[in-house]
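**Student:** model the structure of this input:
(chains A and B)
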Amino acid sequence: DAGVIQSPRHEVTEMGQEVTLRCKPISGHDYLFWYRQTMMRGLELLIYFNNNVPIDDSGMPEDRFSAKMPNASFSTLKIQPSEPRDSAVYFCASSFRRSEAFFGQGTRLTVV
Amino acid sequence: DQQVKQNSPSLSVQEGRISILNCDYTNSMFDYFLWYKKYPAEGPTFLISISSIKDKNEDGRFTVFLNKSAKHLSLHIVPSQPGDSAVYFCAAPGFGNEKLTFGTGTRLTIIP
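**Tutor:** The predicted model follows:
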């Protein structure tokens, strides 16, 4: 398995634009997580899914953020409209039941 | 509310010596703990875990110790190698759910 695959690796966008981050979890994993890493807040969980169903989105900072998981092999995190303070590295991770989570390489988002 | 804390942002250790990374937690309901390692421009990778029913878990050069009464865990790396230079995160899943809470990380530098 190729591991968790995220795209794009880097994204630079202008303030106010819509940004969509993509994630393909490891096949067979039933949990998918979206994390954001910043200098100020470290690694924070935004939302997680179990069997494609959102379980906890309490970490989503604002209504500008939304996440979907239409099937077991794909998830998106969308920011609309984007703001400079959204600049961070966004990680997707997946796991099987309560085993350790495997992380993708992250998407570095810069909003200018 | 930072439920998992790593109070040392950085640590430098001579190659061949022991590296000890510390983590404190506040939620006594955590039932297992994980350590992740992160290199620049990569996602965190799972290193080692420990269940709350144990006080020690060893895997090669890596040993994690858990002191439940003190709500403290530590990761020992011996002997330390240059490739161990990375940021180390401790993490714990919520009770009854998969919401992984991460510490703020400790940057370990191994000096050749």
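**Student:** can you list the residues of chain A near chain B?
**Tutor:** Residues of chain A that fall close to chain B, judged by Cβ under 8 Å from any Cβ of the partner chain: A:4, A:31, A:33, A:35, A:42-45, A:48, A:50, A:55-56, A:91, A:93, A:95, A:98, A:100-106. Where C-beta positions appear, they are placed from N, C-alpha and C, glycine not excepted.
**Student:** from these, which ones fall inside strands?
**Tutor:** Residues of the residues of chain A next to chain B located in strands (DSSP state E): A:31, A:33, A:35, A:42-45, A:48, A:50, A:55-56, A:91, A:93, A:95, A:102-103.
**Student:** ChimeraX command for the buried members of the residues of chain A next to chain B?
**Tutor:** In ChimeraX, this line selects whichever of those come out buried by 16 or more other Cβ atoms under 10 Å in any protein chain shown:
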select /A:4,31,33,35,42,43,44,45,48,50,55,56,91,93,95,100,101,102,103,104,105,106
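**Student:** quick check: the residue of chain B nearest chain A.
**Tutor:** Taking Cβ to the nearest Cβ as the measure, the point where chain B comes nearest chain A is residue B:43, at 3.1 Å.
**Student:** looks like that residue contacts residue A:103 (just checking).
**Tutor:** Yes - counting by Cβ atoms under 8 Å, residue B:43 does reach residue A:103; the two are 3.1 Å apart.
**Student:** find residues that contact each of these two.
**Tutor:** Here residue B:43 and residue A:103 have A:4, A:91, A:93 as joint contacts, going by Cβ atoms under 8 Å, 6 or more residues apart in numbering or on different chains.
**Student:** can you put the residues you listed in TSV and add pLDDT and distance to residue B:23?
**Tutor:** Formatted as TSV, those follow (pLDDT from 0 to 100; distance: Cβ to Cβ, whole Å):
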residue	pLDDT	distance to residue B:23
A:4	97	24
A:91	97	20
A:93	95	19
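**Student:** next up, the contacts around the residue of chain A found nearest chain B.
**Tutor:** Distances between chain A and chain B by Cβ to the nearest Cβ are smallest at residue A:103, namely 3.1 Å. Taking Cβ under 8 Å, 6+ apart, we find residue A:103 in contact with A:4, A:35, A:91-93, B:36, B:43-45.
**Student:** tell me the spacing between it and residue B:12.
**Tutor:** For residue A:103, the distance to residue B:12 (Cβ to Cβ, to the nearest Å) stands at 26 Å.
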